[in-house]
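**Q** give me a 3D structure for the following:
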Amino acid sequence: MKSDILIVGSGVGGATVAKELAIRGHKVTILEKGKHHKLGTKRRRMGFYSNVNSVDGTQILRTIMVGGGSMVSFANGVGALQNELKKLGIDLENEFEEVVKELGVVSFPERFIGERTKRLKEASEELGYDVKLMPKFIDFSRCRGCGMCNRGCRYGAKWTARNFLGEAKRFGARLVTEASVEEVLYSGAEVKGVRVRGSNGIFEINAENIVLAAGGIGTPIILLRSGLENAGSNFFADPSVNTIGIIEKRGSVNEMSMATIIDEFQGQYGFIISPAPVSESTLAKLSYLPFFKKLYAFRKCQILSLMTKIKDDAVGRVEIDGTVHKPLTENDRKKLDKGDEISREILLQAGVSSRSLFRSEVRAAHPGGTAGIGRIVNTDQETEISRLFVSDASVLPEAPGLPPILTIVALSKRFSKKLALEYL
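**A** Below is the predicted model:
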């Protein structure tokens with residue numbers, strides 16, 4: 001197999017690069033380790049995840065599938081790390097304007113706010129907190145308000161990386177699924193291709209330009225196997241906890257998550273607070289709960305939950321065999337504790353029984369930093385191997401502490417323009 005531009009990974013970064021280059025007339029091949037899963041149900045969603053448990057105990061949510069993490073996102077369209085990237089000489093102002101328009105980012109409509117979220121919003125405002133409507137890349141004219149964004153939107157209302165993949169394919173791009181890249185092949189410091197493990201065995205693809213977009217865990221593994229020994233460090237993952245309580249009055253069961261955001265603590269303390277769902281698997285693991293709390297735990301219409309998501313210290317690492325280290329520093333724990341404290345205050349104001357309050361285990365869902373700009377790639381997102389590039393959350397210089405999809409799309413748009421103008 002031969003390709004002018006080979007992209008490894010079909011998530012947000014890879015799909016953006018594929019679309020931008022394909023519409024410019026370049027021959028693009030996309031390799032995806034996962035499958036093209038069907039969407040829309042809880043049972044199907046079980047096949048989306050390839051969760052990673054770090055040796056330090058933090059569970060990291062990860063999807064390996066066509067479309068990557070965009071398929072299970074809550075469609076939060078916030079910008080992140082603009083100032084941090086600008087300090088590195090990367091100005092994304094124009095790209096962010098393009099992304100907002102192209103993805104159709106709008107503020108969450110008041111009419112879609114569910115009863116429980118409304119109750120939390122009012123309680124937060126009564127306490128003096130600044131509650132904002134979350135920007136979303138959702139076409140609300142097509143939205144059913146089912147609250148199943150993280151199962152893959154079956155109605156096509158939510159933007160996902162598959163939108164860009166579809167555009168890329170219409171301009172001639174080729175998508176190969178169930179193809180796991182083992183390593184990058186190069187001679188001297190010039191890239192030659194990749195070695196791939198597929199359903200029919202191992203094969204090689206020749207390519208003059210390779211873009212790794214396999215995510216914050218997948219990309220560094222490939223780089224390490226390819227001899228780039230400094231890859232995999234500075235790992236962050238935006239850990240979070242849910243603070244949960246039970247109310248007497250029932251609300252709607254299916255309402256859209258993260259409709260609002262409290263981000264006033266982001267600058268000083270490094271965390272945000274937003275209403276978020278609690279999965280059955282999380283509740284089932286709360287073995288320490290008293291019996292009466294377990295009885296209520298699965299009555300979702302009476303659960304109020306606030307998520308604290310933090311900007312964590314990038315002290316983790318990914319090893320060549322896929323082992324992940326993601327310790328929580330004392331600073332990380334202080335942030336989680338402070339967010340939990342404020343969330344409890346809001347929940348009590350909203351009418352939650354103090355006896356019912358509990359806190360979930362720590363989870364993380366935004367792995368990145370493992371091929372950071374200024375460390376593993378330069379500002380053109382090129383590695384020390386000529387024409388081997390990276391365009392995913394791996395290149396982010398530090399943890400965003402916010403949903404990173406808009407930033408990754410904007411950064412990948414900028415990269416694609418430079419690649420097309422200066423390298424191809």
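**Q** need the contact list for the most centrally placed residue in the chain.
**A** Centroid-nearest residue in the chain: His366, 4.5 Å away (criterion: C-alpha atoms, centre = their mean). Taking C-beta atoms under 8 Å, 6 or more residues apart in numbering, we find His366 in contact with Gly216, Phe236, Ala237, Asp238, Ala393, Ala399, Pro400, Pro403, Pro404. Where C-beta positions appear, they are placed from N, C-alpha and C, glycine not excepted.
**Q** now swap in Gly77 and tell me
**A** Gly77 neighbours (C-beta under 8 Å, 6+ apart): Val100, Leu103, Val105, Met134, Pro135, Lys136, Phe137, Pro403, Ile405, Leu406.
**Q** 7 Å - rerun?
**A** Counting by C-beta atoms under 7 Å, 6 or more residues apart in numbering, Gly77 touches Leu103, Val105, Pro135, Lys136, Phe137, Leu406.
**Q** can you flag the buried ones in the contacts of His366?
**A** The neighbour-count criterion (16 or more other C-beta atoms under 10 Å) marks Gly216, Phe236, Ala237, Asp238, Ala393, Ala399, Pro400, Pro403, Pro404 among these as buried.
**Q** looking at those, spot the one nearest Val362.
**A** Closest approach to Val362 among these (C-beta to C-beta): Ala237, at 9.9 Å.
**Q** how close does the closest one get to Val184?
**A** Relative to Val184, Ala237 is positioned 25 Å away (C-beta to C-beta, to the nearest Å).
**Q** for the helix or strand containing Ile210, which helices and strands make contact with it?
**A** Applying DSSP states H and E as the criterion places Ile210 in strand 201-212. Contact partners of strand 201-212 among helices and strands, from 3 or more C-beta pairs under 7 Å, 6 or more residues apart in numbering; DSSP states H and E: strand 2-8, strand 190-198, strand 388-390.
**Q** and among those strands, the most buried is which?
**A** Sort those by mean neighbour count, taking mean count of other C-beta atoms under 10 Å, and strand 388-390 sits at the top with a mean of 28.
**Q** which elements pack onto that strand?
**A** For strand 388-390, the packing partners by 3+ C-beta pairs under 7 Å, 6+ apart come out as strand 201-212.
**Q** got the angle between the strand it packs on and strand 2-8?
**A** Here strand 201-212 points in a direction 70 degrees away from that of strand 2-8 (axes from the mean of the first three to the mean of the last three C-alpha atoms, to 10 degrees).
**Q** would you turn the buried ones among the contacts of His366 into JSON lines with pLDDT and secondary structure?
**A** Putting those into JSON lines (pLDDT from 0 to 100; DSSP: H, G, I helix; E, B strand; the rest coil) gives the following:
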{"residue": "Gly216", "pLDDT": "96", "secondary structure": "helix"}
{"residue": "Phe236", "pLDDT": "97", "secondary structure": "strand"}
{"residue": "Ala237", "pLDDT": "96", "secondary structure": "coil"}
{"residue": "Asp238", "pLDDT": "96", "secondary structure": "coil"}
{"residue": "Ala393", "pLDDT": "98", "secondary structure": "helix"}
{"residue": "Ala399", "pLDDT": "96", "secondary structure": "coil"}
{"residue": "Pro400", "pLDDT": "96", "secondary structure": "coil"}
{"residue": "Pro403", "pLDDT": "95", "secondary structure": "coil"}
{"residue": "Pro404", "pLDDT": "96", "secondary structure": "coil"}
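**Q** of those, closest to Leu88?
**A** The closest of those, once distances to Leu88 are taken by C-beta to C-beta, is Pro400, at 14.4 Å.
**Q** next up, the contacts around the closest one.
**A** Ala80, Leu81, Asp238, Lys311, His366, Thr407.
**Q** 6 Å instead, please
**A** Contact analysis of Pro400 by C-beta atoms under 6 Å, 6 or more residues apart in numbering lists Ala80, Leu81.
**Q** likewise the one 3 residues further on?
**A** Applying C-beta under 6 Å, 6+ apart, one finds that Pro403 lies in contact with Asn76, Val78.
**Q** 8 Å - rerun?
**A** Listed by C-beta under 8 Å, 6+ apart, the contact partners of Pro403 are Ser73, Phe74, Asn76, Gly77, Val78, Ala80, His366.
**Q** which one among the contacts of Gly77 gets closest to Asp263?
**A** Pro135 (11.3 Å).
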